[in-house]
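Colleague: any chance you can model this:
(one chain, ligands or ions: 1)
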Amino acid sequence: MLLNRVEFALMNNPVRAAIQRRFEAARLLRMGGPLQGGAALEIGCGRGVGAELILDLFGADGVDAFDLDPRMIVRARERLRSRASRARFWVGDATSIPVPDSIYDAVFDFGIIHHLPRWRPVLAEVKRVLKPGGRFYAEEVLGRFIQQPIARRLLEHPQSDRFDREVFCAALTESGLELLRSEELWRSFAWFVARKPAAA
Ligand SMILES: C[S@@+](CC[C@H](N)C(=O)[O-])C[C@H]1O[C@@H](n2cnc3c(N)ncnc32)[C@H](O)[C@@H]1O
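Modeller: Sure, this is the predicted structure:
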């Protein structure tokens, strides 16, 4: 679902970019390691800060990225305009990713899966598009945060079938991904690195 006005503003400012860079991406890098070049995908890319980090911090050769919100894609294209040959953006839905099977070395999720009412099918799509041995890096917002009164008042999220760290870990495994590491903060935010089995 699209962000409401409050969250759109929260996602499109320098503070958000700094948090994503210094804490979220840095933690995922520590947990899952860098890429050896290769092709990456970012689901729900927002204004393109994640795509920039996937190239510069994780070391992908190229990144494909999409978001449900066309306004985000305009911003992301502008942000990476000087590197358009390495960063491709489109408007799209994470439940149905319009690419062939097994083409990415890594898939990244910076806080989008909790926005989907039916989030489990996204994990099946992530597994489908990863190459065998490819990695899934995810930063997510847990049900405990989403269901707090202040968050409910200010933000707009689906409320049913939310997940905690254990439920998300189990869903990764059920979707056929192999969980490598997970960490959480305040039982409200969590980070996951998983891998598509080499033989899958
Ligand atoms: C909390 S924002 C995070 C944006 C960006 N990843 C970041 O970290 O700044 C969630 C993003 O997911 C996008 N989104 C929501 N539902 C989506 C879907 N079904 N498919 C793709 N993107 C979606 C929203 O438009 C929004 O840009």
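Colleague: same for the host helix or strand of D64, what does it pack against?
Modeller: For D64, the enclosing helix or strand under DSSP states H and E is strand 62-67. Under the contact criterion of 3 or more C-beta pairs under 8 Å, 6 or more residues apart in numbering; DSSP states H and E, strand 62-67 touches strand 39-43, helix 49-56, helix 70-79, strand 87-91. For every residue, glycine as well, the C-beta is placed using N, CA and C.
Colleague: do that again at 7 Å, thanks
Modeller: In terms of contacts (3 or more C-beta pairs under 7 Å, 6 or more residues apart in numbering; DSSP states H and E), strand 62-67 is packed against strand 39-43, helix 49-56, strand 87-91.
Colleague: can you check which of those gets nearest to D101?
Modeller: For the helices and strands packed on strand 62-67, the distance to D101 is smallest for strand 39-43, at 12.6 Å, taking C-beta to C-beta.
Colleague: partners of that closest one in the sheet?
Modeller: strand 62-67 (parallel), strand 104-110 (parallel) (DSSP bridges).
Colleague: just want the angle from it to helix 70-79.
Modeller: Using axes from the mean of the first three to the mean of the last three C-alpha atoms, to 10 degrees, one finds that strand 39-43 and helix 70-79 are set 140 degrees apart in direction.
Colleague: contacts for strand 39-43 next, please.
Modeller: The contact list for strand 39-43, computed with C-beta atoms under 7 Å, 6 or more residues apart in numbering, reads 50-51, 54, 60-66, 94, 103-109, 112, 129.
Colleague: picking that back up, just send the strands paired with strand 39-43 back as TSV, with mean neighbour count, distance to the ligand and mean pLDDT too.
Modeller: Output for the strands paired with strand 39-43, formatted as TSV (neighbours: other C-beta atoms under 10 Å; distance: least, C-beta to the nearest ligand atom, whole Å; pLDDT from 0 to 100):
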stretch	mean neighbour count	distance to the ligand	mean pLDDT
strand 62-67	24	5	98
strand 104-110	24	4	98
